[in-house]
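J.: just to be clear, the model below is a prediction. Sequence and coordinates:
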Amino acid sequence: MAFQQGLSGLNTSSKALDVTSNNIANASTVGFKSAVSHFADVYAASLTGAGASQIGIGSSLSAIAQQFTQGNITTTSNSLDIAINGQGFFRLSQDGAIRYSRNGQFHLDAQGYVVNDKRENLTGYLADAGGNIIPSTPTAILIDPTPIPPRATGSTNIGVSYALNLDSTAQVPAVAWTAPTGVNAPQTNTYNFTDAVTIYDSLGNAHTMTMYFVKTATAGQWQVHFQVDGTSEANVPGSPRTLNFNSSGQLTTLPMPIAGFSVNLAGVTADLIAADPTTPPNSAAPLSFNLDFTDSTQYGADFANSKKTQDGYSAGQLTSMTVGQDGVVQGVYSNGQTRNLAQLVLANFRNPNGLMAIGNNDFIETSDSGQPLVGTPKSGTLGVVQSGAVEDSNVDLTAELVNMIVQQRNYQANAQSIKTQDQIMQTLVNIR
């Protein structure tokens with residue numbers, strides 16, 4: 001009788017339609033992975049074994065397999081939206097339970113943890129106070145909002161570094177240089193060129209160090225005079241400095257950098273207070289740094305800078321965050337500095353189809369999936385991550401609509417086989 005075969009066909013076609021409908025319903029779900037229905041034929045057990053004339057008794061649903069193919073990447077305006085391009089799953093934690101997902105829609109909660117819409121914590125490695133990532137057991141990523149403390153210029157070997165060109169065709173100023181006192185600026189006809197750089201003291205206070213370049217009567221020789229905050233040149237011990245160039249325009253003043261170049265901040269403050277009594281005293285530590293003019297030249301070209309750097313900065317507040325392809329979460333601070341805060345991890349499985357879907361875009365490991373292989377993005381077989389983006393569902397709507405039509409036809413055909421068998425039975429009953 002064809003009733004059993006037809007009923008099994010109706011059942012499997014209905015389940016296949018359920019799978020297709022679920023795919024279509026999640027076509028806009030971030031990180032969703034479509035599924036396909038796997039079917040198997042069914043034969044009755046035989047005491048004598050299978051024979052060439054054995055007739056099957058229908059079909060069954062053997063498996064529903066997730067399709068872990070890559071979805072399209074769509075950019076967003078949230079820097080904590082993260083898309084995985086390649087293999088791997090986000091490792092999430094909630095009340096000690098570990099889950100895995102491809103949905104990377106994250107944000108900060110009230111405590112500063114990186115969480116998704118279901119309050120599941122994104123896990124990874126945290127950074128120490130110096131911004132060094134410390135690999136260990138993955139833990140919930142907590143963003144530390146502590147401001148970056150100021151760093152005085154000269155805290156590293158960089159100090160203040162310049163590479164500039166002094167125009168060899170410039171003339172010796174007609175008026176001799178006179179060192180300014182107090183808050184007086186030098187006369188413009190006593191120097192050839194000027195430039196300034198911002199330096200920072202130990203409290204993060206910014207100071208403007210102005211340099212005046214004066215060509216001397218000696219061939220290839222220049223004097224550099226310094227002022228800080230427009231105060232007396234006497235507040236910069238060692239000013240002026242002499243730069244010598246050879247006939248090829250190359251700097252010959254050695255050694256470079258000039259070590260221990262210093263600024264008398266107490267004198268600077270005193271000059272400023274004398275000019276403006278409202279200026280508060282500066283209790284910062286004395287400022288000392290390396291001053292480097294390496295790669296400076298004297299060519300017959302306009303005065304220009306090709307490099308101007310210094311290693312100090314003021315205190316900075318955390319203003320935004322970015323996530324690199326390697327999963328490193330970097331904080332961007334109001335003083336222009338960046339610092340590593342954490343690094344997220346990904347997990348992969350030998351058999352992703354063995355994962356159990358538990359809803360809310362989450363999976364949990366099973367004995368079929370194997371244990372998770374945890375690592376950082378871009379390591380091993382794990383993919384890269386992209387900040388400010390999400391991975392779209394990999395559902396192909398066109399294919400799913402075609403599948404829906406196919407399953408509809410299958411359902412109708414199985415229903416027709418039951419109807420035909422019913423008509424045969426009715427014919428037998430009506431035999432007189």
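T.: Sure thing, it's come through.
J.: contacts, neighbours, all on C-alpha from now
T.: Will do.
J.: okay, now the unreliable bits of the stretch 201-350 of the chain?
T.: For the stretch 201-350 of the chain, no stretch has pLDDT under 70.
J.: now do the strands in it.
T.: 206-215, 221-228, 241-244, 258-263, 287-292, 304-310, 318-323, 328-333, 338-344, 346-348 (DSSP state E, counting those that start in this stretch).
J.: just put those in CSV and tack on mean neighbour count and distance to residue 183.
T.: What follows is the strands of the stretch 201-350 of the chain, written out as CSV (neighbours: other CA atoms under 10 Å; distance: least, CA to CA, whole Å):
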stretch, mean neighbour count, distance to residue 183
strand 206-215, 20, 13
strand 221-228, 22, 9
strand 241-244, 16, 21
strand 258-263, 18, 15
strand 287-292, 21, 20
strand 304-310, 15, 24
strand 318-323, 18, 36
strand 328-333, 21, 33
strand 338-344, 23, 36
strand 346-348, 24, 59
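J.: could the ones you listed go into TSV alongside distance to residue 363?
T.: Output for those, formatted as TSV (distance: least, CA to CA, whole Å):
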stretch	distance to residue 363
strand 206-215	52
strand 221-228	62
strand 241-244	68
strand 258-263	60
strand 287-292	56
strand 304-310	50
strand 318-323	24
strand 328-333	24
strand 338-344	18
strand 346-348	12
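J.: any idea of the mean pLDDT in stretch 16-24?
T.: Averaging pLDDT along stretch 16-24 gives 90.
J.: and it, what's buried?
T.: 16-17, 19-21, 23-24 (16 or more other CA atoms under 10 Å).
J.: one step back: show me the one of the strands of the stretch 201-350 of the chain that comes nearest residue 387.
T.: Comparing the strands of the stretch 201-350 of the chain against residue 387 with CA to CA, the closest turns out to be strand 318-323 (5.2 Å).
J.: which residues sit against the closest one?
T.: 79-80, 82, 145-147, 329-334, 385-387 (CA atoms under 8 Å, 6 or more residues apart in numbering).
J.: and the furthest pair within those?
T.: Taking CA to CA, no two of these sit farther apart than 147 and 385, at 26.8 Å.
J.: what's around the residue nearest to residue 352 when sequence neighbours are not counted, how many residues?
T.: Leaving aside its sequence neighbours, residue 352 sits nearest to residue 369 (CA to CA, 6 or more residues apart in numbering; 5.7 Å). The burial count assigned to residue 369 is 17, neighbours taken as other CA atoms under 10 Å.
J.: double-check residue 369 against residue 350; I have them as touching.
T.: Yes: assessed by CA atoms under 8 Å, residue 369 is found in contact with residue 350 at 6.4 Å.
J.: can you list the domains in this protein?
T.: 3-69+394-429, 73-148+318-391, 160-310 (automatic domain parsing).
J.: and the spatially most central residue of the chain, how close does it get to residue 329?
T.: For the chain, the residue lying nearest the average C-alpha position, counting by CA atoms, centre = their mean, turns out to be residue 323 (1.4 Å). Per CA to CA, to the nearest Å, residue 323 is found 5 Å from residue 329.
J.: quick check: which element contains residue 403?
T.: Using DSSP states H and E, residue 403 maps to helix 397-429.
J.: elements contacting that helix?
T.: Counting contacts by 3 or more CA pairs under 8 Å, 6 or more residues apart in numbering; DSSP states H and E, helix 397-429 is packed against helix 3-25.
J.: how much does the helix it packs on deviate in direction from helix 397-429?
T.: 160 degrees (axes from the mean of the first three to the mean of the last three CA atoms, to 10 degrees).
J.: what is the mean pLDDT for the following helix or strand past helix 3-25?
T.: Once helix 3-25 ends, the next helix or strand along the chain (criterion: DSSP H and E) is strand 35-42. Across strand 35-42, pLDDT averages out at 86.
J.: strand 35-42: how far from the chain's middle?
T.: 42 Å (CA atoms, centre = their mean, to the nearest Å).
J.: with just CA atoms, put it into CSV.
T.: Extracted C-alpha coordinates of strand 35-42, given in CSV (Å, rounded to 0.1, in the frame of the first residue of the first chain):
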residue,chain,number,x,y,z
ALA,A,35,20.2,25.3,6.7
VAL,A,36,19.4,22.6,4.2
SER,A,37,17.4,19.4,4.7
HIS,A,38,19.0,16.0,4.1
PHE,A,39,16.7,13.1,3.3
ALA,A,40,17.1,9.3,3.4
ASP,A,41,15.1,6.5,1.9
VAL,A,42,13.5,3.9,4.3
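J.: ok, residues contacting it?
T.: With CA under 8 Å, 6+ apart as the criterion, strand 35-42 contacts 12, 16, 19-20, 23, 56-67.
J.: got a list of what residue 125 touches?
T.: 133-139, 141, 342-345.
J.: give me phi/psi at it?
T.: Taking degrees, to the nearest 10, you get phi -110, psi 140 for the backbone angles of residue 125.
J.: cool, and residue 264?
T.: When read as degrees, to the nearest 10, the backbone of residue 264 gives phi -80, psi 90.
J.: would you confirm that it contacts residue 239?
T.: No: with contacts counted by CA under 8 Å, residue 264 stays clear of residue 239, the gap being 11.7 Å.
J.: between the two, who's got more neighbours?
T.: residue 239 (19 against 16).
J.: roughly how far apart are that one and residue 179?
T.: From residue 239 to residue 179 the distance is 10 Å (CA to CA).
J.: cool, and residue 295?
T.: Residue 295 sits 27 Å away from residue 179, going by CA to CA.
J.: buried ones in the helix holding residue 403?
T.: Here helix 397-429 shows 400, 403-404, 407-408, 410-411, 414-415, 417-418 as buried, counting by 16+ other CA under 10 Å.
J.: what number of residues lie near residue 247?
T.: 10.
J.: that one touches residue 297, doesn't it?
T.: No: with contacts counted by CA under 8 Å, residue 247 stays clear of residue 297, the gap being 10.7 Å.
J.: just the helices from the stretch 151-300 of the chain, written as ranges.
T.: 265-275 (DSSP state H, counting those that start in this stretch).
J.: now the strands for the stretch 1-150 of the chain?
T.: Here the stretch 1-150 of the chain has its strands, by DSSP E, counting those that start in this stretch, at 35-42, 58-66, 73-75, 82-85, 89-94, 97-101, 107-108, 114-115, 121-126, 139-140.
J.: adding distance to residue 319, write those strands out as a markdown table.
T.: Formatted as a markdown table, those follow (distance: least, CA to CA, whole Å):
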| stretch | distance to residue 319 |
| --- | --- |
| strand 35-42 | 41 |
| strand 58-66 | 40 |
| strand 73-75 | 21 |
| strand 82-85 | 19 |
| strand 89-94 | 25 |
| strand 97-101 | 28 |
| strand 107-108 | 13 |
| strand 114-115 | 16 |
| strand 121-126 | 19 |
| strand 139-140 | 21 |
